[in-house]
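Enquirer: Could you work out the structure for the sequence below:
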Amino acid sequence: MAKQPQHQPPENPKTDPDPGSNTIKDPDDWTTGDETMTGAQASYLKTLSEEAGEAFDPGLSKADASKRIDELQAKTGRGRG
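Expert: Below you'll find the model as predicted:
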């Protein structure tokens, strides 16, 4: 008698050790990128701006704030491991 193949459960993307590009999107592609930056972004951006000696712009969108955070992290060496 032939052995029946075992049923395989569907893949769970949350358990994938390398989930690929679905987890990181360019801020220009965010559906909410045009909204006002979050309170957490504003707080962190203000701290980074002070450390970098640069002006803080409270009117940035979520996407622009994310890009600015990346720029200031590179300049200050913060946030990157």
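Enquirer: Doesn't Glu54 lie inside a helix?
Expert: No: counting by DSSP: H, G, I helix; E, B strand; the rest coil, Glu54 is not part of a helix but coil.
Enquirer: Make sure it is actually in contact with Glu71.
Expert: No: taking contacts as C-beta atoms under 8 Å, Glu54 lies outside contact range of Glu71: 9.1 Å. Glycine gets a C-beta too; all of them are placed from N, C-alpha and C.
Enquirer: What's the local residue count around the closest residue in space to Gly79 that isn't next to it in sequence?
Expert: Closest residue in space to Gly79, ignoring its immediate chain neighbours: Gln73 at 4.1 Å, by C-beta to C-beta, 6 or more residues apart in numbering. For Gln73, the neighbour count with other C-beta atoms under 10 Å is 16.
Enquirer: what do you get for Ser66?
Expert: 21.
Enquirer: Enumerate every residue touching it.
Expert: Pro27, Trp30, Gln41 (C-beta atoms under 8 Å, 6 or more residues apart in numbering).
Enquirer: Please pick the buried ones from those residues.
Expert: Neighbour counting with 16 or more other C-beta atoms under 10 Å marks Pro27, Gln41 as buried within the contacts of Ser66.
Enquirer: When you compare pLDDT across the contacts of Ser66, which one is lowest?
Expert: Here the lowest pLDDT out of these sits on Trp30, with 76.
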